[in-house]
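*Asks:* Give me coordinates for this.
(one chain, ligands or ions: 1)
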Amino acid sequence: MSSLKSLIQIKDLTPAQIKSVFSLARDFKNHTYQVSERPQVVALVFFEASTRTRMSFEMAALRTGRKTILFDTGKGTSLEKGESFVDTMMNIASMGPDLLVVRAPDELDLLKVSQKISIPILNAGWGKKEHPTQALLDMITLLGKRAGDLKQERLLFVGDVKHSRVVGSHIQLSQILNYEIGFCGPSEFMPQSDEASSNQYSKIKYFNKLEEGLNWATSLMLLRVQKERHAASFNLEDYMQNYSLDAERLKRLKKDQWILHPGPVNQGVEMSEVAYSDERSLILEQVSNGVAVRAALLNYFLET
Ligand code: NCD
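*Replies:* This is a model prediction of the structure:
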């Protein structure tokens with residue numbers, strides 16, 4: 001068992017551990033990875049909807065010789081009878097899986113639960129807080145395009161920054177891997193002033209106009225408008241006019257200005273179909289790398 005018990009936040013990982021995980025992920029891509037000989041079981045516990053994260057964790061478990069059990073958003077389970085998230089997790093852990101992969105709402109305190117459960121927990125998206133495996137897969141994707149060197153990288157997040165757990169993990173990871181971060185979007189999508197004035201936001205560049213952001217950035221991470229986390233409605237037409245990566249804006253990108261998106265994409269809103277299928281779009285490569293990073297994490301937590 002690795003000395004590291006769980007991965008809840010990026011800061012649970014040291015730079016050396018991130019390097020090891022990336023190296024195991026590259027082994028996976030080269031088909032030189034370790035297959036578990038013991039019949040280990042990974043419990044996938046998803047309290048919120050997921051396609052990529054859930055299925056890539058499952059794929060990673062199966063490819064590394066493991067089995068999975070699944071709790072899928074709670075429909076038809078005792079959550080409907082009033083059982084709490086914490087009790088649900090404690091009960092699943094008591095069934096004896098070797099590791100828990102959990103997607104949790106903000107109100108479930110994953111840090112606290114991880115103290116009570118003796119097996120490793122991997123955060124598969126926690127409310128608006130963090131999504132560490134997504135940030136890791138994003139950066140292994142960009143490292144592959146930059147010959148392993150991110151020193152000149154300026155990654156611009158476009159859109160719903162405030163509600164994005166992916167951004168939460170990139171703020172931490174950028175400090176370890178040394179890339180710069182910028183935010184671009186309407187003011188209601190930017191972090192609130194108390195948050196924005198905290199130390200960890202101090203190096204972030206803000207752009208109200210997409211054109212200015214595009215001039216600064218070496219790559220873009222387009223973010224989905226998280227309608228399910230919005231209290232008030234907002235004008236989608238205005239948003240698309242000002243921030244969508246449409247065919248015109250696409251023409252102005254440089255040859256190696258990469259386009260990323262954690263998915264799911266709202267086609268036509270964050271980007272046009274032509275941008276989605278452009279040769280600079282790394283969106284499906286991110287998904288493939290997601291399996292590799294998650295396989296690496298399973299091997300790291302269960303075998304090393
Ligand atoms: C993201 C998530 O769930 O945080 N998607 C993902 O895991 N690939 C982003 C989103 O839902 O918009």
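*Asks:* Report the separation between V101 and the ligand.
*Replies:* For V101, the distance to the ligand equals 12 Å [C-beta to the nearest ligand atom, to the nearest Å]. In short, each C-beta sits where N, CA and C put it, glycine included.
*Asks:* what's the following helix or strand after the helix or strand where that residue lies?
*Replies:* Using DSSP states H and E, V101 sits within strand 99-104. Using DSSP H and E, the helix or strand that follows strand 99-104 towards the C-terminus is helix 110-116.
*Asks:* sorry, back to before: report the strands that pair with the strand holding V101, each with its relative direction.
*Replies:* strand 41-46 (parallel), strand 121-126 (parallel) (DSSP bridges).
*Asks:* Let's see it as PDB, backbone CA atoms only.
*Replies:* Extracted C-alpha coordinates of strand 99-104, given in PDB (Å, rounded to 0.1, in the frame of the first residue of the first chain):
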ATOM      1  CA  LEU A  99     -10.700   1.200  -2.800                       C
ATOM      2  CA  LEU A 100     -13.500   3.700  -3.200                       C
ATOM      3  CA  VAL A 101     -13.900   6.100  -6.100                       C
ATOM      4  CA  VAL A 102     -16.400   8.800  -5.000                       C
ATOM      5  CA  ARG A 103     -18.200  11.700  -6.700                       C
ATOM      6  CA  ALA A 104     -19.800  13.700  -4.000                       C
END
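*Asks:* hang on, the earlier thing: please name whichever of the strands paired with strand 99-104 is nearest to the ligand.
*Replies:* strand 121-126 (4.6 Å; C-beta to the nearest ligand atom).
*Asks:* and for that closest one, what are the contacting residues?
*Replies:* For strand 121-126, the external contacting residues (C-beta atoms under 8 Å, 6 or more residues apart in numbering) are 6-9, 44, 46, 48, 50, 53-54, 57, 99-104, 106, 108, 110, 113-114, 130-134, 165, 294, 297, 301.
*Asks:* Now do the same for the closest residue to the ligand within the chain: its pLDDT.
*Replies:* Per C-beta to the nearest ligand atom, R224 is where the chain lies closest to the ligand, at 3.5 Å. Note for R224: predicted pLDDT of 95.
*Asks:* Quick one: the helices in this protein, in order.
*Replies:* 15-29, 52-63, 85-94, 110-116, 132-145, 165-177, 193-196, 210-216, 236-243, 247-251, 273-276, 283-303 (DSSP state H).
*Asks:* ranking the strands paired with strand 99-104 by burial, who's on top?
*Replies:* strand 121-126 (a mean of 25; mean count of other C-beta atoms under 10 Å).
*Asks:* for the spatially closest residue to I117 that is not a sequence neighbour, what are its contacts?
*Replies:* In space, and not counting its chain neighbours, I117 is closest to A93: 4.7 Å by C-beta to C-beta, 6 or more residues apart in numbering. Neighbour list for A93: A43, L100, I117, S118, I119 [criterion: C-beta under 8 Å, 6+ apart].
*Asks:* Could I get the residues you listed in a markdown table, plus columns for pLDDT?
*Replies:* Formatted as a markdown table, those follow (pLDDT from 0 to 100):
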| residue | pLDDT |
| --- | --- |
| A43 | 98 |
| L100 | 98 |
| I117 | 96 |
| S118 | 95 |
| I119 | 97 |
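*Asks:* Farthest-apart pair in those, please.
*Replies:* A43 and S118 (13.5 Å; C-beta to C-beta).
*Asks:* Could you tell me the model confidence score at the closest residue to I171 other than its chain neighbours?
*Replies:* In this structure, I171 finds its nearest non-sequential neighbour in Q200, 5.5 Å apart by C-beta to C-beta, 6+ apart. pLDDT, Q200: 75.
*Asks:* just checking, Q200 touches L173?
*Replies:* No. Counting by C-beta atoms under 8 Å, Q200 stays clear of L173, with 11.5 Å between them.
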